[in-house]
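1. predicted model and sequence follow; I will ask about them next.
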Amino acid sequence: MISPARPPARRTATFLRTGTVALVLAATGCGGETGAGRAEGKVSSITALDYYTDEPEHTQWGELLTACGKKAGVTVKHTSVPGASLMPTVLRRASSRTLPDLLMLDNPDMQQIAQSGALTPLDQYGIDSSGFAKGILSAGTYKGEVYGLAPNVSTIALFYNKDMLSEAGVAVPRTWDELKAAAAKLTRQGRYGMAVDANPTFEGTWQFLPFLWSNGGNEKQLDTPQAAQALQLWVDLVKSGSMSKSVLNWTQADVHDQFVAGRTAMMINGPWRIPAMNKAENLHWGVAPIPVPQRGQTPVTPLGGEVWTVPQSASKARQDKAAQVLACLNDSTNMLTLAKQRFTVPSRSTVASQYAEQVPSMAAFVKSVEAARARTGELGVKWPKAATGIYTAIQSALTGEQTPEEALKRAQEIATSP
């Protein structure tokens, strides 16, 4: 979910476990001396860590960090590690008190790191967080204080094959009933009407959230009629043959491959797939908001993206320089530049509106981000248990092992387990 833009869910499945981060960081006393050159005085360089290893993403971020460092009067020593290695690296470096001066985190991870005391509130540096969409600011907030800001965010929407819909005389579906009808009409030998990622990871949960939230469901109480109706929609699509049973194992990359190969007419996916689709010969695609239960409703989608933070250290001078670079990353000009490079959505609403006019293929994502929610917005550090319960329920219901109601009752038990 990976260049030029990454999907958030993929990188959270391995290491988001309630309490793990907090306990380890608390035990290691994060925030002491962090290696050579931490003494107060003139600061000529700072360090930055992220998981942007893919090209051209790594180069794009490196160039921007260099430019923002120059503006702050420092050299930024930029290091990237693979996504699955970031949190283990953070934990290891916390234990040895060598956290970087500037740290990027996938937004669902930030609350647990902030809870541990390893991060500094950004208001103490006078960083401007005005103009950010409410949900985006929530993703970087812990207990009322902003610890991280995301220059750009992502979410998911409905991609459709224009030629297939036109040939079948199918309009772009806007509601759940329209989605079921369209998927059925588009299904034929060698092709399914619809595809989602329903695999047993946080990525599967991420794809289901728009259906749960848009129907009034809530992760605080999973065993509700609203949640069951959302899960029943996915069950119906599989049972009717409009959606392959293989969605139980597909990643978002797999869903994309099915779409590009013409084996599905519609899919749920993110804007990070656009560059590859633009290169596919004879693929004429469109994108629309994810269908909602009833016309007139606004889909509620999850926010993906990464926040930049300033960890605790023994050097106030280094923290100040890191904060200056962070502020530069989040200024309006850089937001727009990054969005165009990476097919993401600028986090400041006015910049996002400008971007939608300039890049029409991103308009549906910009619209969805306006109402999008942070995954940790309701449960904070308890979110990972709920996410686990949700993808477990999806698996049980789509295999027919349990009804949606039974599966979600079990999901609630998982979410509230000690």
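-> Thanks, I have it. Residues are numbered from 1 along each chain as shown.

2. against residue 79, how distant is the nearest residue to residue 81 once chain neighbours are set aside?
-> If the residues on either side of it in the chain are set aside, residue 81 comes closest to residue 89, at 5.3 Å by C-beta to C-beta, 6 or more residues apart in numbering. Heads up, the C-betas are built off the backbone N, CA and C, glycines and all. In this view, residue 89 and residue 79 are 9 Å apart by C-beta to C-beta, to the nearest Å.

3. touching both of these two, which residues are there?
-> Residues touching both residue 89 and residue 79 (C-beta atoms under 8 Å, 6 or more residues apart in numbering) are residue 49.

4. okay, those two: which has more neighbours?
-> residue 89 (16 against 11; other C-beta atoms under 10 Å).

5. in the chain, which residue is most central in space?
-> Centroid-nearest residue in the chain: residue 304, 1.8 Å away (criterion: C-alpha atoms, centre = their mean).

6. ok, back up a step: for the residue nearest to residue 81, give me the pLDDT.
-> Per-residue confidence (pLDDT) for residue 89: 92.

7. surely it forms part of a helix?
-> Yes. Per DSSP: H, G, I helix; E, B strand; the rest coil, residue 89 lies within a helix segment.

8. that one contacts residue 49, doesn't it?
-> Yes. Counting by C-beta atoms under 8 Å, residue 89 touches residue 49, with 7.2 Å between them.

9. between these two, what contacts are shared?
-> By C-beta under 8 Å, 6+ apart, residue 89 and residue 49 have these common neighbours: residue 81.

10. tell me the domain boundaries of this structure?
-> Domain ranges of the chain: 9-154+305-371, 157-301+379-415, per automatic domain parsing.

11. could you tell me the least trusted of the ones you listed?
-> Of all these, domain 9-154+305-371 has the smallest average pLDDT, which comes to a mean of 85.

12. how far does that one sit from the chain's center?
-> Distance, stretch centre to chain centre, for domain 9-154+305-371: 14 Å (C-alpha atoms, centre = their mean, to the nearest Å).

13. check stretch 182-202 too.
-> Relative to the centre of its chain, stretch 182-202 is centred 22 Å away, using C-alpha atoms, centre = their mean.

14. what distance separates the opening and closing residues of it?
-> By C-alpha to C-alpha, to the nearest Å, the extent of stretch 182-202 from end to end equals 28 Å.

15. which parts of that stretch are buried?
-> Using 16 or more other C-beta atoms under 10 Å as the test for burial, stretch 182-202 gives 182-184, 186-187, 191-202.

16. wait, residue 106 touches residue 308, no?
-> No. Residue 106 is beyond contact range of residue 308, at 11.5 Å (criterion: C-beta under 8 Å).

17. just to be sure, residue 47 is in a strand?
-> Yes. Counting by three-state DSSP, residue 47 is found in a strand.

18. which residues touch the residue nearest to it when sequence neighbours are not counted?
-> Spatial nearest neighbour of residue 47, excluding adjacent residues (C-beta to C-beta, 6+ apart): residue 100 at 4.1 Å. Neighbouring residues of residue 100 by C-beta under 8 Å, 6+ apart: 46, 47, 48, 49, 79, 93, 311.

19. what's the answer for residue 205, then?
-> Contact partners of residue 205, counting by C-beta under 8 Å, 6+ apart, are 9, 387, 388, 390, 391, 394.

20. looking at those residues, state which has the most neighbours.
-> Neighbour counts for the contacts of residue 205 (other C-beta under 10 Å) peak at residue 387, which has 30 neighbours.

21. how much space separates that residue from residue 112?
-> For residue 387, the distance to residue 112 - C-beta to C-beta - is 13 Å.

22. can you check residue 79 too?
-> According to C-beta to C-beta, residue 79 and residue 112 sit 22 Å apart.

23. now do residue 105
-> 9 Å.

24. can you check residue 140 too?
-> 13 Å.

25. joint contacts of the two?
-> When contacts are counted by C-beta under 8 Å, 6+ apart, residue 140 and residue 112 have no shared neighbour.

26. all helices of the stretch 201-350 of the chain, in order?
-> Along the stretch 201-350 of the chain, counting by DSSP state H, counting those that start in this stretch, helices occupy 202-214, 225-239, 252-260, 274-279, 316-329, 332-342, 349-358.

27. what of the stretch 51-200 of the chain?
-> Per DSSP H, counting those that start in this stretch, the stretch 51-200 of the chain carries helices over the ranges 57-72, 83-95, 107-115, 134-139, 162-168, 176-186.

28. what's the most buried one of the ones you listed?
-> Among the helices of the stretch 51-200 of the chain, the stretch with the highest mean neighbour count (mean count of other C-beta atoms under 10 Å) is helix 107-115, at a mean of 26.

29. and that helix with helix 83-95, angle?
-> Counting by axes from the mean of the first three to the mean of the last three C-alpha atoms, to 10 degrees, helix 107-115 lies at 10 degrees to helix 83-95.

30. packing partners for helix 107-115?
-> Contact here means 3 or more C-beta pairs under 8 Å, 6 or more residues apart in numbering; DSSP states H and E; on that basis helix 107-115 packs against helix 20-28, helix 134-139, strand 141-142, strand 148-149, strand 306-309, helix 383-398.

31. try 6 Å
-> Under the contact criterion of 3 or more C-beta pairs under 6 Å, 6 or more residues apart in numbering; DSSP states H and E, helix 107-115 touches helix 20-28.

32. for residue 151, see how far away the residue nearest to residue 71 when sequence neighbours are not counted is.
-> Of all residues not flanking residue 71 in the chain, residue 328 sits nearest, at 5.5 Å (C-beta to C-beta, 6+ apart). Distance of residue 328 to residue 151, given as C-beta to C-beta: 10 Å.
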